[in-house]
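Undergrad: curious how this folds, go ahead:
(2 chains)
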Number of protein chains: 2
Amino acid sequence: MNLQNDIVLRAARGEKTERSPVWLMRQAGRILPEYRAVRAKLSGFIELVETPEFAAEVTIQPVDLLGVDAAIIFSDILVIPQAMGCPYQMIESKGPWFENTIRDESALSRLRIADPGSDLKFVTDAIRLTKKELNGRVPLIGFAGAPWTIFAYMTEGSGSKTFSVARRMLYAQPQFSHRLLEMITESTIAYLKAQIEAGADMVQIFDSWAGVLGPEQYSEFSLKYIRTICEAITEVPVTVFAKGAGFALREMRSLPCRTIGLDWQMDIRESRSILGDQFTLQGNADPCLLYAPEEIIQKGVEDMLSAFGDKPHIANLGHGLYPDTNPDKVRFFIQAIKNYRPR
Amino acid sequence: MNLQNDIVLRAARGEKTERSPVWLMRQAGRILPEYRAVRAKLSGFIELVETPEFAAEVTIQPVDLLGVDAAIIFSDILVIPQAMGCPYQMIESKGPWFENTIRDESALSRLRIADPGSDLKFVTDAIRLTKKELNGRVPLIGFAGAPWTIFAYMTEGSGSKTFSVARRMLYAQPQFSHRLLEMITESTIAYLKAQIEAGADMVQIFDSWAGVLGPEQYSEFSLKYIRTICEAITEVPVTVFAKGAGFALREMRSLPCRTIGLDWQMDIRESRSILGDQFTLQGNADPCLLYAPEEIIQKGVEDMLSAFGDKPHIANLGHGLYPDTNPDKVRFFIQAIKNYRPR
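TA: Numbering: from 1, shown residues only, chains lettered A, B, ... in the order given. Okay, the predicted model is just below:
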């Protein structure tokens, strides 16, 4: 099916576009009253993720209500550990929690490579349903966590400021760590291919915890596996977003992906000069900018878009929307991006 | 009094030293059973901070038990908000918590500039006592939080992964934010001068939450005030450690301080090439390295020290010691640094 609005996809292919395309990380859910109304009907976050009709509904909400140029499937990066045999709970106001962490051979031996056809069918079903309901209005983005970030949760067992348990394993059990990372990578490739098969027009890899590793470990235990995924996914454009990995931009230059996501600590012009012109850049407004008065948001948009200049880019935030953001400010931000014309 | 071992101080002055000097952030306390024995006698962390005899005792422990080349006064960066009239509690396994946050004019109007002579006498008393008991063995390091980091706690009211409340204020109430930052800065200068007067041989400014700000806000709301402090403190060498601020190294080049601390995401050679030769560099092993087998620690030490080369440096971690680190591994790390000779 031809897309009526394919501006994000064209930018992701490296084409120049008539204006800056825009979508927002975490746009599906969190800030919208309409999302909370759906959520209130269910027992919790995981039920929402696992029920295709509801996942599709909240995926499409921001297209209608915020005016973004792409939808991103409502899901969670932690469906992968679950599909590998390492389930989790989402504890209200605390975050994810794994009853069984993967720290030794016996735990590892109980894991399997995820089979998207059975273990993750709720995601591919949600994608098919969303594509049908979107009816070609905008592209649909699929996603997965980067293997290091998934590894961090599976070993640490929860969120953490330092992920010192996960990082300890890289030093104390490097071979073991590589074996777990390989299993996650293989699962993730199968998962992303299934999302594409189901209709995802492009995919993004989120390395949410890139920022706790030093450069050498990041190269050995994270980028290596992101590279493997990028090499395997040739069907659609791939975006890599490694939050907190400004130190690794030089090495990311050789990643076989189309788009590199920037967080708000990465200077756009400097990142462009490090990465060269072969990538589309995505990002990178501070999510807190959306708490500001409109004139400050307007200036933030202008600064960001003039830094991107006429090189391929996709406007976004430098991280996910914060839950208490006012939807009116989000709409203002999106409209300011769409209205922007270079001086 | 002449110091018997002044190698850290000489390195901080930019002199070449016969071997790499070493001390560790968070060396005072946390990992030592001898520290926990002192702590067990008291009601909690804050009582330990506020009782000079005990603070002095745990300050000196790592000099004897670990063999570091400097002591750092056992204290807490949050004594400054407390001295300004914004007290906190330290909640076991949760961290600091402020009953009253500073988010509006009425809260601001109840704050005062800290008077170290009255409000922080327990710190200067602890420094005097420590200096006496150290009896010139090694230098004593004083410290304070950077104004942005202190502001983040005073406005957010606790630790946070994103500090989105604190950051929101920078966008929504920039003038208010600057006024609070000015009060913190003035208090911090008075506090550091009192520490030096009491005997601190050098001081370090910790910007623990540098890593949540983007480059422009970091410049406007953090580095500006760090610069003011550095300009005011001319009596002893000043170290600035801004965790997560790799993006700001170029701007830090013009800071009037002697030593720049590096975290483990900042590549030593690259940082040296950005900062130039006028600084002593300090850091930057990943605290998780100390979970590794000895041969990996040895290699980590060799990699770090060869990256520092023959330019002035002080070996340290890239962040504080983690509480569950084995003291034997810490001793091994320190000894490996002391034994290292360039090939």
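
Undergrad: if I pick the residue nearest to the spatial centre of chain A, what's in contact with it?
TA: Among the residues of chain A, the one closest to the centroid is A:Phe206, at 4.2 Å (CA atoms, centre = their mean). Each residue near A:Phe206 by CB atoms under 8 Å, 6 or more residues apart in numbering or on different chains is listed here: A:77, A:143-146, A:149, A:241, A:243. C-betas here are computed from N, CA, C, even on glycine.

Undergrad: right, and the helix or strand after the helix or strand harbouring it?
TA: Using DSSP states H and E, A:Phe206 sits within strand A:202-207. Counting by DSSP H and E, the next helix or strand C-terminal to strand A:202-207 is helix A:215-217.

Undergrad: now do the buried residues in that following helix.
TA: Within helix A:215-217, the residues scored as buried using 16 or more other CB atoms under 10 Å in any protein chain shown are A:215, A:217.

Undergrad: please see if that helix touches chain B.
TA: Yes. Counting by CB under 8 Å from any CB of the partner chain, chain B has neighbours in helix A:215-217: A:215, A:217.

Undergrad: again with stretch A:318-333
TA: Yes. Using CB under 8 Å from any CB, stretch A:318-333 comes into contact with chain B via A:318, A:322.

Undergrad: residues contacting that stretch, please?
TA: A:24-27, A:30-33, A:65-67, A:243, A:262-266, A:283-292, A:294, A:297, A:301, B:162, B:164, B:214.

Undergrad: give me that answer again for 7 Å
TA: Residues outside stretch A:318-333 that contact it (CB atoms under 7 Å, 6 or more residues apart in numbering or on different chains) are A:24-27, A:30-32, A:66-67, A:243, A:262-264, A:283-287, A:290, A:294, A:297, A:301, B:164.

Undergrad: cool, and stretch A:156-165?
TA: A:95-98, A:101, A:152, A:155, A:166, A:209, A:212, B:161, B:288, B:322.

Undergrad: pull the distance from that stretch to the chain's centre.
TA: 20 Å (CA atoms, centre = their mean, to the nearest Å).

Undergrad: can you give me the buried ones in that stretch?
TA: A:156-158, A:160, A:163-165.

Undergrad: ok so, going back, mind checking which of the contacts of stretch A:318-333 are buried?
TA: Buried members of those, scored by 16+ other CB under 10 Å, are A:24-27, A:30-32, A:66, A:243, A:262-264, A:283-287, A:290, A:297, A:301, B:164.

Undergrad: quick one on the thing from earlier: so what pLDDT did the residue nearest to the centre of chain A get?
TA: For A:Phe206, the pLDDT comes out at 98.

Undergrad: which stretches of the stretch 1-150 of chain A form strands?
TA: With DSSP state E, counting those that start in this stretch as the criterion, the stretch 1-150 of chain A has strands at A:71-72, A:88-91, A:95-98, A:140-145.

Undergrad: and the ones you listed: which comes nearest chain B?
TA: strand A:95-98 (9.4 Å; CB to the nearest CB).

Undergrad: show residues contacting that closest one.
TA: So strand A:95-98 is contacted by A:78, A:86, A:88-91, A:153-154, A:157-159 (CB under 7 Å, 6+ apart).

Undergrad: list phi and psi for the residue lying closest to A:Asp207 once chain neighbours are set aside.
TA: On the basis of CB to CB, 6 or more residues apart in numbering or on different chains, the spatially nearest residue to A:Asp207 that is not a chain neighbour turns out to be A:Ala146, at 3.5 Å. In terms of degrees, to the nearest 10, the main-chain angles of A:Ala146 are phi -70, psi 150.

Undergrad: contact partners for A:Ala146?
TA: Contacts of A:Ala146 by CB under 7 Å, 6+ apart are A:205-207, A:222, A:226, A:242.
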